[in-house]
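# no letters, just coordinates:
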């Protein structure tokens, strides 16, 4: 009786392992279905690069707003603040348009 139980346990474990590996393989292939790119004047740019360019522009507008409102004195690590704004804007644009 114990050999049947061990045989069932091995085949069940093998099936579970096979289905796990197959699922990982299918997920890996599905991730390569298409790359989000933009055709700009005949040259293909990745979408993250476009989001980065737009976010740099938005950060420049935020900088203009901060300087006109005279809030720069209250934002003391300006390089960190502006880097965080670029990251925030680019990730937000990516999530809005590509997810």
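Good, I have the coordinates. These numbers were taken from a predicted model, which means no experiment stands behind them.

# show me where this protein has its helices.
With DSSP state H applied, the chain shows helices at 2-30, 47-68, 78-98, listed in chain order.

# for those, which one sits closest to residue 40?
The closest approach between residue 40 and any of those, judged by Cβ to Cβ, belongs to helix 47-68 at 8.0 Å. (Each C-beta comes from the backbone N, C-alpha and C, glycine too.)

# which residues touch stretch 64-80?
Taking contacts as Cβ atoms under 8 Å, 6 or more residues apart in numbering, the residues outside stretch 64-80 that touch it are residue 81.

# how far is that stretch from where the chain is centred?
Averaged C-alpha coordinates place stretch 64-80 at 28 Å from its chain's average position (Cα atoms, centre = their mean, to the nearest Å).

# just the endpoints, please. Distance across that stretch?
This stretch, stretch 64-80, spans 17 Å end to end (Cα to Cα, to the nearest Å).

# buried sites along that stretch?
For stretch 64-80, burial by neighbour count (16 or more other Cβ atoms under 10 Å) applies to residue 66.

# and stretch 87-99, by the same measure?
89, 90, 93, 94.

# export those residues to CSV and append columns for distance to residue 51.
Formatted as CSV, the entries for these read as follows, by distance: Cβ to Cβ, whole Å:
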residue, distance to residue 51
89, 8
90, 5
93, 4
94, 5
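
# TSV for those residues, including pLDDT and distance to residue 27?
Compiled in TSV, the buried residues of stretch 87-99 are given as follows (pLDDT from 0 to 100; distance: Cβ to Cβ, whole Å):
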residue	pLDDT	distance to residue 27
89	97	30
90	95	26
93	94	26
94	89	20
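
# what is the nearest of the residues you listed to residue 14?
Relative to residue 14, the closest of those is residue 94; by Cβ to Cβ it sits at 40.5 Å.
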